[in-house]
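Asks: Here's my sequence, what's the structure:
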Amino acid sequence: MKKLIAEGIGTMFLVLLACGSAVLAGPSIGGLGIGLCFGLVLVCLCYALGNISGCHVNPAVSFAMFLAGRMSGKDCIGYIIFQLLGATVGAGLLFWFINMAPGFNFGGTTPPDSYLATNVLQPGATSGMALLAEGLLTFFFVLIVLGATDPSKGFGKFAGLAIGLALGLVNIVGIPVDNCSVNPARSFGPAVFDPTAWGDFWIMVVGPAIGAVLAVLCWVAMAGGRKAIK
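Replies: Next up, the predicted model:
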């Protein structure tokens, strides 16, 4: 239960703080600043929660860990459930916060009819473009996670830094396309409070799932001798 609670709290803060940076300060810090915020929040969470739950805070990461044979199916399902719950609580707190001052100049990087930094296609982007971006960016991000945390080939105390930097990088690239997900829970929480996001939500699930599978296959092939997909 301690691991599940850690995953829920971690995902809550990821959504509250990282998405909050887009909602509250998006116009002033831009995509670069928002991406860095996502990365910095994850670095902090990795060092705070890594020794408790591994700090997945992302269903795509938990799914990859299951496929790589690093966690059981039961634990994977439990992690994902608590990640979704945590993301919903985080988005709920952000929603509550912004509604306390409706006259404030809240911004972000979403169209005027969207808020909470929801993952929606940005002007000019297509579903195919977003799906490809989510798949490739998740592939990169999860590959970094698998490598940095590998029991025999990982980098110990530096793993959290590498993982946080990876999330920051993929957000800087992906934000102009669909506000960058690479994390179905990060997409789910804000969508609960913004119905306009559900139309594109499938992309934020399918893309990361494909990316996670590709990352596991690639890592197994490179690492050699590790468990393949169960």
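Asks: Spatially central residue in the chain, please.
Replies: For the chain, the residue nearest the mean C-alpha position is residue 183 (3.3 Å; C-alpha atoms, centre = their mean).
Asks: ok, and the closest non-adjacent residue to that one?
Replies: Using C-beta to C-beta, 6 or more residues apart in numbering and skipping the chain neighbours, the partner closest in space to residue 183 is residue 58 (4.3 Å). C-betas here are computed from N, CA, C, even on glycine.
Asks: After the helix or strand bottoming out on mean pLDDT in the chain, which helix or strand is next?
Replies: In the chain, the helix or strand scored least confidently by mean pLDDT, DSSP states H and E is helix 20-53, which has a mean of 90. Remark: after helix 20-53, the chain's next helix or strand is helix 59-67, criterion DSSP states H and E.
Asks: Run through the neighbouring helices and strands of the very next helix or strand once past that next one.
Replies: Heading C-terminal from helix 59-67, the first helix or strand you meet, by DSSP H and E, is helix 73-98. The contact analysis (3 or more C-beta pairs under 8 Å, 6 or more residues apart in numbering; DSSP states H and E) places helix 73-98 against helix 2-13, helix 20-53, helix 59-67, helix 184-192.
Asks: deepest of those helices, which one?
Replies: helix 184-192 (a mean of 28; mean count of other C-beta atoms under 10 Å).
Asks: what inclination does it have with respect to helix 73-98?
Replies: Put simply, helix 184-192 runs at 40 degrees to helix 73-98, going by axes from the mean of the first three to the mean of the last three C-alpha atoms, to 10 degrees.
Asks: got a list of contacts for helix 184-192?
Replies: For helix 184-192, contacts defined as C-beta atoms under 8 Å, 6 or more residues apart in numbering pick out 11, 14-15, 18-19, 57-60, 80, 83-84, 86-92, 94, 116-119, 181, 197-198, 201, 204-205, 208-209.
Asks: Would you mind listing which of the residues you listed are buried?
Replies: 11, 14-15, 18-19, 57-60, 80, 83-84, 86-92, 94, 116-119, 181, 197, 201, 204-205, 208-209 (16 or more other C-beta atoms under 10 Å).
Asks: Check whether residue 214 really touches residue 139, as I assumed.
Replies: Yes. The pair residue 214 and residue 139 qualifies as a contact (C-beta atoms under 8 Å) at a distance of 4.6 Å.
Asks: who's more crowded, the two?
Replies: Each of residue 214 and residue 139 has its neighbours counted (other C-beta atoms under 10 Å); residue 139 has more, 24 against 18.
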